[in-house]
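Student: Sequence first, then the predicted structure, then my questions.
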Amino acid sequence: MVLEKRADGTGKPQIRVGLRDVGLRDGRIVPLSVPEHVPPGTLNINDVIFVNVIEGKKQADGRAELRIRPKVQGAALVLENKTGRILAMAGGFSYPLSQLNRTTQALRQPGSSIKPLIYLAALHRGLQPNTLILDQPVTLPPIPGVSTHHWTPKNYDSSSWGSITLRRALENSKNLVTARLLDGGIDKDPTKSLQETCDLALEARIYRECMKNYPFVLGAQAVRMIDLAAFYAAIANEGQRVTPYSIDSIDQNGRSVYRRQTGAPVMMAGGDRAAFYQLRTILEGVVARGTATSMKHLTHFVGGKTGTTDSENDAWFIGFTSDVTVAVWVGYDNARGKRTLGDGATGGKVSVPIVEPIIQATWNLHAPKTALPPPSAEAARHLKALPIDFASGQRLASANNGAFTEYFKLDAGKRLRDTQYSLAGRHSLARGEPRPGAAMPGPGPGPNVIDERPLYVSPSAGGRLPPSNRVPRNLRELFGY
């Protein structure tokens, strides 16, 4: 209850409230913190308000914060990776105010949180994480029978970093690179690349059908949170798909009327565990160096991807640990049309801080904190860990202080396919710096980053690996445009 209201020496209103604890007055009167957007004149003596009490070192040091019913909505979901069991679910701010469960019933655009799907298609096709691709403007042709106009996307910050590896592109959520993967990264025909990506989405049960248009790869098609979270759990499982569920069994009068049946494991992408593991390590980089660096201190324990839609209408982060997947969405309901969360309200700034305490709670209540595991025996047979220069993707002779450990996929003959220059010419070699005027978060104190994860497979000795002598197949490979 508001008991005192007076101005301080500067004329700023000071409000003090009397506290009640389970209906009984505890005798304290503490200062009230009011958000800047709430005019002090809206509170009067004897008003009954809801507050959050912040205790100090002493009882007299306590203070209260005004609790206000938010207009923005949100949802959170926690899945067990191996089983799909729903461990926790919050479908909105208040069930009495809104019975819509936004984890299972709402369809929202995922933005960049859908991008791992496209990169999975490229890795499954044989590209390596160190493959160079141009982060430069690209225009894709109309799709016959679908669209009559060309598509020219742009990056969120309108920047262009020039030549960049696939790893760095996904870590920093580059739209232009994602679009370019449709033009030669998956298939030479952009429409066929789009179809392959769609086929993966259907296999993952993210969608029942796909929009056959290029903006699909940037998250234009709305999705249910629970379906997208299940895909991220599959990434943590090296491609083993799970079906989320909340009920194990139902008994009536001592008789079992329902028991959940577990089917045979289903592996996606033809059981390409190696590609899924490569993708998982890239998503770990999102936390270590990319758009989710506010959780950088959880490097090697958490991977995931942020997502932000046009005009900051939706803010996502979906992250996984060795045991669980946590998804968080924040945005306004669309009953009155789309509403922005505000300039700069990205998934990295809005949703990542919400995910972290949920992850911490899972370590306290569900499973202990453990580092994300190395590749399984099945995946390891098709992978080779080698040191590279992080900025350029160039393979190195030995793991020196500036080396980064990258996982390369081997072909059926156990040979390493070198794709570093398959999409961009040699002269476009990345130098670890953006084009003039473009901002880029640095990976560390130097141009490279040191990965503290130990090598899974010891790299071969010798000098710096020689450049490939393969003849360029087209002008794009020769000149890099």
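Tutor: Received the coordinates, thanks. Residues are numbered from 1 along each chain as shown.
Student: these two touch, right, Ile68 and Val38?
Tutor: Yes. Here Ile68 lies in contact with Val38, judged by C-beta atoms under 8 Å, at a distance of 7.0 Å. Just so you know, the C-beta spots here come from the backbone N, C-alpha and C atoms, and that holds for glycine as well.
Student: which helices and strands does the strand or helix carrying Ser193 pack with?
Tutor: Per DSSP states H and E, Ser193 falls inside helix 190-203. The contact analysis (3 or more C-beta pairs under 8 Å, 6 or more residues apart in numbering; DSSP states H and E) places helix 190-203 against helix 115-125.
Student: Low-confidence stretches in this structure?
Tutor: Within the chain, the stretches with pLDDT under 70 are 1-4, 7-13, 16-27, 40, 59-60, 335, 427-481.
Student: So it: which segments form each domain?
Tutor: 2-66, 73-365 (automatic domain parsing).
Student: Burial-wise, tell me which of these comes out on top.
Tutor: Most buried of the domains of the chain, by mean neighbour count (mean count of other C-beta atoms under 10 Å): domain 73-365, with a mean of 20.
Student: and the end-to-end length of it?
Tutor: Start-to-end span of domain 73-365 (C-alpha to C-alpha, to the nearest Å) is 26 Å.
Student: Stretch 388-407 now?
Tutor: End-to-end for stretch 388-407, by C-alpha to C-alpha: 10 Å.
Student: buried sites along it?
Tutor: Using 16 or more other C-beta atoms under 10 Å as the test for burial, stretch 388-407 gives 388-396, 399, 402-407.
Student: try stretch 405-419
Tutor: The neighbour-count check on stretch 405-419 (16+ other C-beta under 10 Å) flags 405-409, 418-419 as buried.
Student: Quick one: the helices in the stretch 201-350 of the chain, in order.
Tutor: With DSSP state H, counting those that start in this stretch applied, the stretch 201-350 of the chain shows helices at 225-236, 273-288, 347-350, listed in chain order.
Student: Taking helix 190-203 as reference, get the angle to the first one.
Tutor: To tie it back to what came earlier, the one meant is helix 225-236. On the basis of axes from the mean of the first three to the mean of the last three C-alpha atoms, to 10 degrees, helix 225-236 is oriented at 100 degrees to helix 190-203.
Student: So which elements touch helix 225-236?
Tutor: So helix 225-236, by 3+ C-beta pairs under 8 Å, 6+ apart, packs with strand 73-80, helix 115-125, strand 240-241, helix 273-288, strand 303-308, strand 314-320, strand 324-331.
Student: try the last one
Tutor: Judged by 3+ C-beta pairs under 8 Å, 6+ apart, the packing partners of helix 347-350 are strand 303-308, strand 314-320.
Student: right, so of these, which gets closest to Arg336?
Tutor: The closest of the helices and strands packed on helix 347-350 to Arg336 is strand 314-320. By C-beta to C-beta, the value is 15.5 Å.
Student: Could you check how far that closest one is from the centre of its chain?
Tutor: In this view, strand 314-320 has its centroid 5 Å away from the chain centroid, taken as C-alpha atoms, centre = their mean, to the nearest Å.
Student: Please list all residues in contact with the spatially closest residue to Val242 that is not a sequence neighbour.
Tutor: Once flanking residues are discounted, Val242 sits nearest to Gly84: 3.3 Å by C-beta to C-beta, 6 or more residues apart in numbering. By C-beta atoms under 8 Å, 6 or more residues apart in numbering, the residues touching Gly84 are 230, 233, 242-245.
Student: which two in the residues you listed are spaced the farthest apart?
Tutor: Ala233 and Tyr245 (12.2 Å).
Student: quick one: contacts for Pro110?
Tutor: Contacts of Pro110 by C-beta under 8 Å, 6+ apart are 219, 222-223, 228, 307, 309, 314, 316.
Student: Could you check how far it is from Ala229?
Tutor: Distance of Pro110 to Ala229, given as C-beta to C-beta, to the nearest Å: 11 Å.
Student: Backbone dihedrals for Pro368, both of them.
Tutor: Dihedral pair for Pro368: phi -70, psi 160, per degrees, to the nearest 10.
Student: Any idea how many residues pack against it?
Tutor: Counted with other C-beta atoms under 10 Å, the neighbours of Pro368 add up to 9.
Student: Okay, it and Gly402: tell me how far apart.
Tutor: Pro368 sits at a distance of 34 Å from Gly402 (criterion: C-beta to C-beta).
Student: do Asn313 as well
Tutor: Taken as C-beta to C-beta, the span from Asn313 to Gly402 is 41 Å.
Student: Farthest pair within the contacts of Pro110?
Tutor: Across these (C-beta to C-beta), the longest gap, 13.3 Å, separates Leu228 and Thr309.
Student: partners of the most centrally placed residue in the chain in the sheet?
Tutor: Centroid-nearest residue in the chain: Lys305, 1.1 Å away (criterion: C-alpha atoms, centre = their mean). Using DSSP bridges, the bridge partners assigned to Lys305 are Ile318.
Student: sorry, back to before: now do the helix holding Ser193: distance to the chain's middle.
Tutor: Its chain's C-alpha centre and that of helix 190-203 lie 20 Å apart, by C-alpha atoms, centre = their mean.
Student: what angle do that helix and helix 115-125 make?
Tutor: Angle of helix 190-203 versus helix 115-125, following the same axes, to 10 degrees, is 110 degrees.
Student: Return helix 190-203 as CSV; C-alpha atoms alone will do.
Tutor: Presented in CSV, the C-alpha positions along helix 190-203 are these (Å, rounded to 0.1, in the frame of the first residue of the first chain):
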residue,chain,number,x,y,z
PRO,A,190,18.2,-22.0,-56.6
THR,A,191,14.7,-23.5,-56.8
LYS,A,192,16.2,-27.0,-56.3
SER,A,193,18.2,-25.8,-53.4
LEU,A,194,15.0,-24.4,-51.9
GLN,A,195,13.2,-27.7,-52.5
GLU,A,196,16.0,-29.7,-50.7
THR,A,197,15.8,-27.3,-47.8
CYS,A,198,12.1,-27.8,-47.7
ASP,A,199,12.4,-31.6,-47.8
LEU,A,200,14.6,-31.4,-44.7
ALA,A,201,12.1,-29.2,-43.0
LEU,A,202,9.3,-31.7,-43.7
GLU,A,203,11.5,-34.6,-42.5
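Student: Need the contact partners of that helix.
Tutor: The contact list for helix 190-203 (C-beta under 8 Å, 6+ apart) reads 117-118, 120-121, 124-125, 140-141, 143-144, 181-183, 185-187, 207-210, 212-214, 216-217, 241, 268-269.
Student: let's see it at 7 Å
Tutor: Outside helix 190-203, the residues that touch it by C-beta atoms under 7 Å, 6 or more residues apart in numbering are 117-118, 120-121, 140, 143, 181-183, 185-187, 207, 210, 212, 214, 216-217, 268-269.
Student: and what of stretch 409-428?
Tutor: Outside stretch 409-428, the residues that touch it by C-beta under 7 Å, 6+ apart are 126-128, 130-134, 162-163, 184-185, 274-275, 278, 382-384, 393, 408, 468, 477-480.
Student: Point me to the helix or strand that includes Ile388.
Tutor: Taking DSSP H and E as the criterion, Ile388 maps to strand 383-389.
Student: and the end-to-end length of stretch 28-44?
Tutor: Stretch 28-44 end-to-end distance (C-alpha to C-alpha) = 19 Å.
Student: can you pull the contacts of the residue nearest to Trp316 when sequence neighbours are not counted?
Tutor: Spatial nearest neighbour of Trp316, chain neighbours left out: Gly307 (3.5 Å); criterion: C-beta to C-beta, 6+ apart. By C-beta under 7 Å, 6+ apart, the contact list for Gly307 reads 110-113, 219, 316, 347.
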